[in-house]
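[1] Can you look at this prediction? I've put the sequence above it.
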Amino acid sequence: NDVIHLAKQFKIAQMLDRETFKLRYEAEKPIGLDEFLYPLMQGYDSVAVEADVELGGNDQYFNLMAGRTIQKKYGQEPQNIITFEFLVGLDGRKMSTSWGNGIFITDEPQDMFGKIMTVNDELIIDYFRLATDVSMEQIHVYQRDLEGGRNPKELKEILGLAIVERYHGTDKAKEALKAFRETFSKGQIPDDMPEVTVETGGLLTVVSEVFGTSRSEARRVIEQKGIKFNGEEVHDDITEIIEPGEYVLKKGKRHWAKVIVK
């Protein structure tokens, strides 16, 4: 009861997600002390910098308000806060590198376009609103189209063009669309694959060198069946020696390379 009282007092349940917090408490699952201290520490940041205004996503509303409360205790004028709607990851969860559901402005055009094409259908309109300069009038048209049965893939292509153009320019956006249609829609191998020369060695070594990953990451991708070698899916034979020659290596859905093994 003391825990629940404290949670209500600080509105921690709102930060954690009320229902999840309740279920964890009733199931007698651990609730970390850091989950209680985090808003207090973030709130004290506002005291330390004597903030006048703090910006944040709407998921940070309580933490921003905590800053105002703590500032009063220290005799400071409470900060103003500005919140923004939260853009979730491709699968509807919070964007996270560990979940692999994020799009980054540093992504290459084709990689960025390919990720956009995997966004959940119910998030298409949110991505138009929060990540593009498309007018709300046009976005309402797209929303009616979706509700009327239009193929979501068509709107994802429009979305992909808009986002890639914003960060890489019109030409790169058109190239990314063309590459996606040829590679994924028609099942073709792209013509502009990067060419990488490596010394002969085991498959694990080759994958690591070609895609610039650690050996542990290369092993993980291979074991999860994320590698195709000359069109054949690789399973767990990571010790096989690759003979000299030319090969096509594919990692995941979007990464290709022409490999020359010496």
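    Structure received. Treat the numbers as computed from the prediction; the structure is a model and nothing was measured.
[2] Which parts of this protein are helices?
    Using DSSP state H, the helices found in the chain span residues 2-10, 12-16, 18-26, 33-48, 61-73, 109-116, 124-131, 136-147, 152-168, 170-180, 203-211, 215-223.
[3] Return the most buried member of these.
    Highest mean neighbour count of these: helix 109-116, a mean of 23 (counted as mean count of other CB atoms under 10 Å). From N, CA and C alone the C-beta is placed, and that goes for glycine too.
[4] That helix packs against which elements?
    helix 152-168, helix 170-180 (3 or more CB pairs under 8 Å, 6 or more residues apart in numbering; DSSP states H and E).
[5] Now tabulate the ones you listed in CSV and tack on mean pLDDT and distance to residue 205.
    Below are those laid out as CSV (pLDDT from 0 to 100; distance: least, CB to CB, whole Å):
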stretch, mean pLDDT, distance to residue 205
helix 152-168, 95, 32
helix 170-180, 91, 28
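[6] Can you say which of those is nearest to residue 116?
    Closest to residue 116 of the helices and strands packed on helix 109-116 is helix 152-168 (CB to CB; 4.1 Å).
[7] JSON lines please, covering the helices of the chain and showing distance to residue 99.
    Below are the helices of the chain laid out as JSON lines (distance: least, CB to CB, whole Å):
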{"stretch": "helix 2-10", "distance to residue 99": "27"}
{"stretch": "helix 12-16", "distance to residue 99": "18"}
{"stretch": "helix 18-26", "distance to residue 99": "17"}
{"stretch": "helix 33-48", "distance to residue 99": "20"}
{"stretch": "helix 61-73", "distance to residue 99": "22"}
{"stretch": "helix 109-116", "distance to residue 99": "13"}
{"stretch": "helix 124-131", "distance to residue 99": "17"}
{"stretch": "helix 136-147", "distance to residue 99": "25"}
{"stretch": "helix 152-168", "distance to residue 99": "20"}
{"stretch": "helix 170-180", "distance to residue 99": "22"}
{"stretch": "helix 203-211", "distance to residue 99": "20"}
{"stretch": "helix 215-223", "distance to residue 99": "14"}
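[8] Quick check: which of the ones you listed is nearest to residue 248?
    With CB to CB, the closest approach to residue 248 among these belongs to helix 203-211: 10.8 Å.
[9] Give the ranges of residues in the stretch 151-262 of the chain that sit below the confidence cut-off.
    184-193, 230-231, 235-241 (pLDDT under 70).
[10] neighbours of the closest residue to residue 47 other than its chain neighbours, just the number please.
    Closest residue in space to residue 47, ignoring its immediate chain neighbours: residue 74 at 5.0 Å, by CB to CB, 6 or more residues apart in numbering. Close neighbours of residue 74, defined as other CB atoms under 10 Å, add up to 11.
[11] ok, now residue 96?
    Neighbour number of residue 96 under other CB under 10 Å is 10.
[12] now the helices and strands packed on helix 109-116 as TSV including distance to residue 144?
    Shown next, in TSV, are the helices and strands packed on helix 109-116 (distance: least, CB to CB, whole Å):
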stretch	distance to residue 144
helix 152-168	11
helix 170-180	24
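[13] Can you list phi and psi of residue 214 for me?
    Main-chain dihedrals, residue 214, degrees, to the nearest 10: phi -70, psi 160.
[14] begin at 35 from here
    Sure thing, new numbering starts at 35, so read that last one as residue 248.
[15] Run through the residues that contact the nearest residue to it once chain neighbours are set aside.
    Of all residues not flanking residue 248 in the chain, residue 242 sits nearest, at 6.7 Å (CB to CB, 6+ apart). Counting by CB atoms under 8 Å, 6 or more residues apart in numbering, residue 242 makes contact with 248, 249, 251, 252.
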